[in-house]
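**Q** 3D model of this:
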Amino acid sequence: MADSKAVSPEVTSKDDLIDYIASGCSPKEDWRIGTEHEKFVYCDQTLEPLPYFGEKSIQRVLTELQQRFGWNPGYEGENIIALTKDGASVTLEPGGQLELSGAPLETLHQTCKETHEHLKQVKEIAGPLGIHMLGMGFTPRWGQDKVIWMPKGRYKIMREYMPTRGALGTTMMTRTCTVQVNLDFANEADMVQKFRTSLALQPIATALFANSPFTEGKPNGFQSYRSHTWTDTDPDRCGVPSFVFEEGMSFERYVDYMLDVPMYFVYRDGQYLDASGKSFRDYLKGELDILPGQRPTYQDWEDHLTTAFPEVRMKKYLEMRGADGGPWKNICALPALWVGLLYDEDALDAAWDLVKNWTQEDHDHLRREVPRSALNAEVAGQKVHDIAREVLKIADNGLRNRAKTDSLGQDETQFLAPLHEIVRTGKTEAQIKLDRYHSEWHESVDPIFTEYAY
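**A** Numbers count the residues shown, from 1 in each chain. The predicted model follows:
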């Protein structure tokens, strides 16, 4: 695969960085939905993660996808590490989790069809090999000693740097899975309202999608242990950035934040150069010691934007990052929730009204408590369960107002059904699994790998 990063133009000023993000602005008719989901890949016999190499391996899965379904391979050295096709990509997380980054699509019907087709393909390949895949926020069974790191240069740099900043960084990298959705904004004011609203409501999504209550075969005391791992990963690049809620929030303010996030790497000539802990501000001035006299390229800036991990992240669009991986039906529910809240003007205003009076202390409190208590957490005198009920009403209205129907005339509200059931029963996926663990599963997590496999 050609190294397109090597020909990226040079950045000359901070204004270039601001303009890069602002270039994502687009009119409402051009807004799209990009859904991403990760899953654990494991051997049916051992219930342990796959290595990169071998008969039953991640490499084999990627090669089969390429050869049987026409995906285009991407390599790092001689190792196949990614696939692309029709605007979508399949990539590897550090511990071998397989991720589909979907194409930017117009409707939830299309994005759900894309998810269905992808999972159908991987099932067709994995089944005969004695392999299956699982959607949860945290691996319920294997420990860090069972994880086999994928052969990607950036992961080696992150693996060595993360333990200097937090205790759970490498755990997050190798044993968690998430579902995300990437959404557009019209202009700076629209970005600010969407960023503030989605950042405030991210813990509500975390509660609704909580699905990681086990660590190494035992209950861990959390409903979303995946979410908890981010609280001890790296304080420089994680959490709920308070400036988003402050007067003056703008594209420039986010760029200033990113310039203060320490670097991980620079990619040059097919190699990842270790820049961990170094300053992008210095790089912008041509004072990065590992590349003296050189200034960053736009590709360097694009790469750097991927190395911050706030609960909502901005590139040329906004990424919703608060949800655990989950069952097939929940993959479509996550984009449905956020499209319903953010892509309809009345819904966005109503969602902001729910949270506009919350303080930074409220935001931080929710971030701490929701991973453990999910729907039972409280903020500003309200239970998260009750807030979630109101949020779903708003999302329903937003999707109904969009009036995007399928061939049967059904609108996009159908994709919220799993979340309505969670609110109706008050039981998250995590709580359902905990109940089964203590009853019919006889305190074993092994049944998860058969009953919840894709």
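
**Q** wouldn't Arg175 be in contact with Gly137 here?
**A** No - the criterion here is Cβ atoms under 8 Å, and Arg175 misses it with Gly137 at 9.6 Å. In short, each C-beta sits where N, CA and C put it, glycine included.

**Q** List the contacts of Asn376.
**A** Listed by Cβ atoms under 8 Å, 6 or more residues apart in numbering, the contact partners of Asn376 are 383-385.

**Q** can you do 10 Å?
**A** Residues near Asn376 by Cβ atoms under 10 Å, 6 or more residues apart in numbering: 207, 223, 369-370, 383-385, 426, 428, 431.

**Q** if we can go back for a sec, mutual contacts of Arg175 and Gly137, please.
**A** Residues touching both Arg175 and Gly137 (Cβ under 10 Å, 6+ apart): 212, 225-226, 229.

**Q** which one of these has the most neighbours?
**A** Ser212 (31 neighbours; other Cβ atoms under 10 Å).

**Q** pretty sure that one contacts Lys433?
**A** Yes - if you go by Cβ atoms under 10 Å, Ser212 and Lys433 touch, sitting 9.3 Å apart.

**Q** what do these two both touch?
**A** Common neighbours of Ser212 and Lys433, using Cβ under 10 Å, 6+ apart, are 136, 140, 223.

**Q** Those in strands, which ones?
**A** Among the shared contacts of Ser212 and Lys433, no member falls in strands (criterion: DSSP state E).

**Q** Show me which of the contacts of Asn376 are buried.
**A** Neighbour-count burial within the contacts of Asn376 applies to 207, 223, 369-370, 384-385, 428, 431; the criterion is 16 or more other Cβ atoms under 10 Å.

**Q** Export those residues to TSV and append columns for secondary structure.
**A** Formatted as TSV, those follow (DSSP: H, G, I helix; E, B strand; the rest coil):
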residue	secondary structure
Ala207	helix
Gln223	coil
Glu369	helix
Val370	helix
Val384	helix
His385	helix
Thr428	coil
Gln431	helix
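
**Q** Now flag whichever of the residues you listed is closest to Ser8.
**A** Checking the buried ones among the contacts of Asn376 against Ser8 with Cβ to Cβ, the nearest one is Val370 at 38.9 Å.

**Q** Please name the nearest non-neighbouring residue to the closest one.
**A** Among residues not flanking Val370 along the chain, Pro203 sits closest, at 4.2 Å (Cβ to Cβ, 6 or more residues apart in numbering).

**Q** In contact with that neighbour: list those residues for me.
**A** 224, 227, 240, 311, 322, 362-363, 365-371, 374, 377, 379, 384, 387-388.

**Q** centre of the chain versus the helix or strand containing it, how much separation?
**A** Using DSSP states H and E, Pro203 sits within helix 188-208. Here helix 188-208 is found 14 Å from its chain centre; the criterion is Cα atoms, centre = their mean, to the nearest Å.

**Q** what comes up buried for that helix?
**A** Using 16+ other Cβ under 10 Å as the test for burial, helix 188-208 gives 190-208.

**Q** before we move on, what about stretch 279-292?
**A** 279-280, 283-284, 288, 291.

**Q** Listing request: residues of the stretch 101-250 of the chain with sub-threshold pLDDT.
**A** Low-confidence segments of the stretch 101-250 of the chain (pLDDT under 70): none present.

**Q** Quick one: the strands in it, in order.
**A** For the stretch 101-250 of the chain, the strands defined by DSSP state E, counting those that start in this stretch occupy 131-134, 178-183, 214-215, 218-219, 238-239.

**Q** what's the distance between the fourth one and the middle of its chain?
**A** Read it as strand 218-219. Computed by Cα atoms, centre = their mean, the separation of strand 218-219 from the middle of its chain amounts to 24 Å.

**Q** Now do that strand: everything it contacts.
**A** 140-141, 213, 225, 430, 433-434, 437-438, 443, 445.

**Q** again, only this time at 8 Å
**A** Residues outside strand 218-219 that contact it (Cβ under 8 Å, 6+ apart) are 213, 434, 437.

**Q** And for the first one, nearest residue in space, chain neighbours not counted?
**A** Setting aside the residues directly before and after it, Pro213 is nearest to Ala430 in space (Cβ to Cβ, 6+ apart), at 4.1 Å.

**Q** Pull the number of nearby residues for the closest residue to Leu105 other than its chain neighbours.
**A** Of all residues not flanking Leu105 in the chain, Thr111 sits nearest, at 4.9 Å (Cβ to Cβ, 6+ apart). Look at Thr111: counted by other Cβ under 10 Å, it has 26 neighbours.

**Q** go on, the one 5 residues further on?
**A** The criterion is other Cβ under 10 Å. On that basis, His116 has 13 neighbouring residues.

**Q** That one and Asp344: what is the separation?
**A** To Asp344, His116 is 25 Å away according to Cβ to Cβ, to the nearest Å.

**Q** do the same with Arg253
**A** For Arg253, the distance to Asp344 equals 26 Å [Cβ to Cβ].

**Q** next one: Glu10
**A** Per Cβ to Cβ, Glu10 is found 40 Å from Asp344.

**Q** which of these two has more neighbours?
**A** For Glu10 and Asp344, the more surrounded residue by other Cβ under 10 Å is Asp344, and the numbers stand at 21 against 11.

**Q** Looks like Glu390 contacts Leu354 (just checking).
**A** Yes - between Glu390 and Leu354 there is a contact at 6.2 Å, judged by Cβ under 8 Å.
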